[in-house]
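Asker: build me a model from this:
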Amino acid sequence: MFCPFCQAEDTKVIDSRLVSDGAQTRRRRSCEVCQSRFTTFETADLALPRVIKSNGERQPFNGSKLKKGMLRALEKRPLSVEEIDTVFGKILKEIRTRGVREIKSIDIGEIMMNALKKVDSVAYVRFASVYRDFQDIKDFSEEINSLSKEKPRNKKSKK
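Answerer: Numbering: from 1, shown residues only. Down below sits the predicted model:
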């Protein structure tokens with residue numbers, strides 16, 4: 001691996017560890033020439049299916065577009081970068097494990113909503129409002145009510 005600071009070819013791995021539920025390897029490296037240290041991430045390069053849009057158009061899978069939508073839903077929510085990366089990794093894993101060459105965009109949206117529902121209900125409702133094209137407050141209310149019925153809150157006792 002080239003050093004990002006001096007472009008030297010000689011770098012050595014100082015430390016390696018698994019991240020994102022073992023789907024990625026984080027490597028701490030040191031340049032043999034300039035002694036700078038930097039971090040790299042290694043993932044398996046697995047092909048993702050093509051996406052069939054609602055109008056029938058087929059597009060290559062775009063992970064950055066998917067992550068951008070997820071980050072928009074999670075904006076100002078209390079999840080760390082590591083937690084977000086883990087959730088995103090689980091979404092990609094579910095898409096890959098379906099073992100299909102093509103996947104409908106609607107299926108990707110459902111996978112995203114299920115993942116967000118498990119980690120943050122506010123982010124879930126945000127994403128659902130755009131994904132399901134909520135038109136008024138009634139749509140929000142119905143989604144929140146269905147979410148409340150699915151996952152009853154534990155009431156904290158007052159002391």
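Asker: from now on I want contacts and neighbour counts done on CA atoms only, so please keep to that.
Answerer: OK.
Asker: for the nearest residue to Arg29 once chain neighbours are set aside, what are its contacts?
Answerer: Leaving aside its chain neighbours, Arg29 sits nearest to Val13 (4.4 Å; criterion: CA to CA, 6 or more residues apart in numbering). When contacts are counted by CA atoms under 8 Å, 6 or more residues apart in numbering, Val13 touches Arg27, Arg28, Arg29, Ser30.
Asker: okay, Val13 and Cys3: tell me how far apart.
Answerer: Distance, Val13 to Cys3, using CA to CA, to the nearest Å: 12 Å.
Asker: pull the contacting residues for Glu110.
Answerer: Applying CA under 8 Å, 6+ apart, no residues qualify as near Glu110.
Asker: swap in Lys104?
Answerer: Counted by CA under 8 Å, 6+ apart, Lys104 has contacts Val51, Ile52, Lys53, Ser54.
Asker: nearest to Lys65, of those?
Answerer: Val51 (12.1 Å; CA to CA).
Asker: got the CA positions of the helix or strand hosting Val87 in CSV?
Answerer: Assigned by DSSP states H and E, Val87 falls within helix 81-97. Provided in CSV are the C-alpha atoms of helix 81-97 (Å, rounded to 0.1, in the frame of the first residue of the first chain):
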residue,chain,number,x,y,z
VAL,A,81,-20.4,6.5,13.5
GLU,A,82,-19.5,2.9,14.3
GLU,A,83,-23.2,2.0,15.0
ILE,A,84,-24.3,3.6,11.7
ASP,A,85,-21.6,1.7,9.8
THR,A,86,-22.7,-1.5,11.5
VAL,A,87,-26.3,-1.0,10.5
PHE,A,88,-25.3,-0.1,6.9
GLY,A,89,-23.2,-3.2,6.8
LYS,A,90,-26.1,-5.3,7.9
ILE,A,91,-28.3,-3.8,5.1
LEU,A,92,-25.7,-4.5,2.5
LYS,A,93,-25.3,-8.1,3.9
GLU,A,94,-29.0,-8.7,3.6
ILE,A,95,-29.0,-7.4,0.0
ARG,A,96,-26.1,-9.7,-0.9
THR,A,97,-27.4,-12.8,0.9
